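Trainee: whatever this is, show me its structure:
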Amino acid sequence: MARMRPRLFILECVPKNQAVKEGEVIFNFLEMTITGIGDVTMKDFVAKSELLRYLGRRRNLEGFDFVHLSGHGDMDDDGVVFDLPNGQVHADEFPSGCFEGKSVTFSACALSRRDFMDSFLDTTSANAAVAPQNEVEFIDAAIWYLRFYYLVLHRGFTALGAYKRTMEELCDGPPKGRVKGGFDYWR
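Mentor: Next up is the predicted model:
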């Protein structure tokens, strides 16, 4: 039996009043260019409770190999958090096992911190996660993730292989040509 193409689910958690929503840009580009019908899906979330309730229903993520969370990274008194327009999610607040068997990417500044990622991977059972270490501009995040998803969705790369190639091509070159953000791969 032939392996089906990988599928991506983008969870857009950027406030609606912001001019650019990186997850929406990635969705629109991939949908009109390199993917088949149903290969990429997107859903908007505003509230922490809405996102966690949705992720708590395993059937909502069935059939997806990659989940992309587009939002903001922030700090509170307890450390790094994933920030939505209405609420902040600590790594251990994600539903237990919600990303089992999936690779998760975050487009959220500074989420690539050990205290967040270790707890996130342990709680959610994700196969791997990618997130920026530092503040990342919209254009840099969009270009980085478009290249990454081009490789996994269209060229058959594994998540790690696509990460390495994307880093090599966009981040390891001369300083003036580098995409900023310092993306890390976590297992």
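Trainee: gap between residue 179 and residue 168?
Mentor: Distance of residue 179 to residue 168, computed by Cβ to Cβ, to the nearest Å: 12 Å. All C-beta spots, glycine's among them, are computed from the backbone N, C-alpha and C.
Trainee: next: residue 150.
Mentor: Separation of residue 150 from residue 168 (Cβ to Cβ): 14 Å.
Trainee: more neighbours, these two?
Mentor: Counted by other Cβ atoms under 10 Å, residue 150 and residue 168 do not tie: residue 150 has more neighbours, with 19 against 10.
Trainee: which pLDDT value goes with that one?
Mentor: pLDDT, residue 150: 92.
Trainee: for residue 39, same thing?
Mentor: pLDDT recorded at residue 39 is 87.
Trainee: neighbours around it, how many?
Mentor: Using other Cβ under 10 Å, residue 39 has 19 other residues around it.
Trainee: got it, and the one 4 residues further on?
Mentor: When neighbours are defined as other Cβ under 10 Å, residue 43 has 15 of them.
Trainee: what's the first helix or strand after the lowest-mean-pLDDT helix or strand in the chain?
Mentor: Using mean pLDDT, DSSP states H and E, helix 22-32 stands out as the lowest-scoring helix or strand of the chain, at a mean of 88. Using DSSP states H and E, the helix or strand that follows helix 22-32 towards the C-terminus is strand 40-44.
Trainee: show me where this protein has helices.
Mentor: Taking DSSP state H as the test, the helices found in the chain are 22-32, 48-56, 114-124, 138-149, 159-170.
Trainee: hang on, isn't residue 45 packed against residue 10?
Mentor: No - assessed by Cβ atoms under 8 Å, residue 45 is found out of contact with residue 10, at 10.6 Å.
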